[in-house]
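Student: with the input below, show me the fold.
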Amino acid sequence: MDQLIEWATDAAGSPWVYAIVFVLTVSDAFLVVVPSETVVVALGALALATGEPELAVLVPVAAVAAIIGDNLTYLLGRTMGVTRFRWMRRPRIVAVFAWASRALGRRAAVVMLTARFVPFGRIAVNLVAGATRFRYRHFLPLSVIAGCGWSLYNALIGAAFGTWFRENPVLAVVLSIVVAISLGLLVDQVSAWVARRRLSGSEAKQS
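Tutor: As a prediction, the model looks like this:
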């Protein structure tokens, strides 16, 4: 265990850790490979438990990367749309895109701020925003708010556990990741439930 803690501390103290966070977070905006939330939460826990990395650097790096990633996804949606690739035409994906399109038209701010915390949700919303020509002068400030809030939220979850379990950094990392993933799943389920309620309500009115 001591060797694992030493390895984690050394890795978190490397200046390369910020570059890794940046690349993962930008990529995660349109490729769900390793959820960047997990990385930011884990490093937030180590920051308070071991002193490395610097939380004051981690938060802005992750925020800027999230903003850039979301804006790149918007541009991808604007240039290629949401039907070019086969996976985009799968019924379930089409349904998600349709929901994102309706939601952006009704409550863009709430949808964008919420979707940032749901890995595939943010991809769908940002792609659709670009494909439907959602005004960029509205998209940009919303993406900035969402990116900053997302970064601070995840880092602080990790930091809280890093403070509580300062003597056991590995436990702090594991628990913070579990809690962050659970909260993300909760947000996803609540968002889906609200969307279903709204859809059933609109269908009832039409009938």
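Student: I figured Thr114 hits Arg122, correct?
Tutor: No - between Thr114 and Arg122 there is no contact under Cβ atoms under 8 Å: 9.2 Å. Bear in mind the C-beta positions are built from the backbone N, C-alpha and C, glycine included.
Student: between the two, which one's more packed in?
Tutor: Set Thr114 next to Arg122 and count neighbours by other Cβ atoms under 10 Å: Arg122 wins out with 27 against 20.
Student: so which strand or helix has the more buried one?
Tutor: In the assignment (DSSP states H and E), Arg122 maps to helix 119-131.
Student: Ser143 against Thr73, yeah?
Tutor: No - checked against Cβ under 8 Å, the pair Ser143 and Thr73 is beyond contact range at 9.4 Å.
Student: shared neighbours, these two?
Tutor: Taking Cβ atoms under 8 Å, 6 or more residues apart in numbering as the contact criterion, the common neighbours of Ser143 and Thr73 are Asn126.
Student: related to what we said a few turns ago, give me the contacts around the helix holding Arg122.
Tutor: For helix 119-131, contacts defined as Cβ under 8 Å, 6+ apart pick out 28-30, 32, 35, 37, 70, 73-79, 81-82, 93, 96-97, 99-101, 103-104, 108, 111-112, 114-116, 134, 139, 143, 184, 188, 191.
Student: would you mark the buried spots in that helix?
Tutor: Neighbour counts over helix 119-131 (16 or more other Cβ atoms under 10 Å) mark 119, 121-131 as buried.
Student: quick one: the helices in the chain, in order.
Tutor: 2-13, 16-28, 36-50, 55-80, 91-115, 119-131, 136-164, 169-206 (DSSP state H).
Student: out of these, which gets the lowest mean score?
Tutor: Note on those: helix 2-13 shows the lowest mean pLDDT, a mean of 52.
Student: still on that earlier bit, compute the inter-axis angle for the helix holding Arg122 and helix 136-164.
Tutor: 160 degrees (axes from the mean of the first three to the mean of the last three Cα atoms, to 10 degrees).
Student: 6 is where my numbering starts, stick with that
Tutor: Okay, residue one is now 6; in that scheme the one you just asked about reads as helix 124-136.
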